[in-house]
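A.B. asks: sequence plus predicted model, see below.
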Amino acid sequence: MNLVDDSKFLTEGWSYDEGHVLPDATSCRIIHIILKMTRSRNVLEIGFNYGHSAFTFLNVDTNVKYHSVDIGQHEYTLVNANKLKEMYPDRFVFSHMSSHDLEPRTLDLYDMVFVDGDHSIEGMSKDLNLCNEARVEYILFDDYVSSLSMDERVESPNPKRLIHHYLSKPDFPYKKVHDFAYPSSDRVNHMVLLKREDI
């Protein structure tokens, strides 16, 4: 496992409108464990934002190929995606688009989909339905729970509740494998790994 160097270049000059993964020893160890558990070599990320997750995955495992999809609503998203394309020309691909425009057949290449895009209930549901329809073996879902205050939790969509709702549906054949806590720029955050059971 490679320890990721400081990635300040990804946020240099930009305001911190949203939290992001800190590519430190803890986050690197978690990503290493996830990649080892899933044996993933081709990862699709829904929601690139600053690019810290992509940067961490690409540094932790030099065999991983990583494709990020993002609507590019922030100026820094496209700038940082171009930086990563220059750094990893053979392993990183960026698509400036909405995940809602992806067709299930286009996910055939991927061992795992990392969902960290539209955090509305509708948006998260569309991404989960896309993965299910595409029969993706592993779904890694970010912002599963976080250390927000109770007031913030009430005002925000509840990803954990949504995931549990999906896991209870007979037409969503996934099970929860593990919940990983990791340090982000503004809180302790969690990502949850789901595995498809009918493969």
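C.D. replies: In hand now; what should we look at? Residues are numbered from 1 along each chain as shown.

A.B. asks: so what pLDDT did residue 149 get?
C.D. replies: You'll see residue 149 listed with a pLDDT of 39.

A.B. asks: one more: residue 23?
C.D. replies: pLDDT, residue 23: 76.

A.B. asks: and if you look at residue 199?
C.D. replies: Confidence score, pLDDT, at residue 199: 83.

A.B. asks: could we number from 12 for the rest of this?
C.D. replies: Let's use 12 as the start, then, which means that last one is residue 210.

A.B. asks: which residues touch the residue nearest to it when sequence neighbours are not counted?
C.D. replies: Closest residue in space to residue 210, ignoring its immediate chain neighbours: residue 148 at 5.5 Å, by C-beta to C-beta, 6 or more residues apart in numbering. C-beta: built from backbone N, CA, C; applies to glycine. With C-beta atoms under 8 Å, 6 or more residues apart in numbering as the criterion, the residues that contact residue 148 are 49, 122-123, 206-207, 210.

A.B. asks: helix, strand, or coil at the residue most central in space within the chain?
C.D. replies: The centre of the chain sits closest to residue 125, judged by C-alpha atoms, centre = their mean, with a distance of 3.4 Å. Following DSSP: H, G, I helix; E, B strand; the rest coil, residue 125 is assigned to strand.
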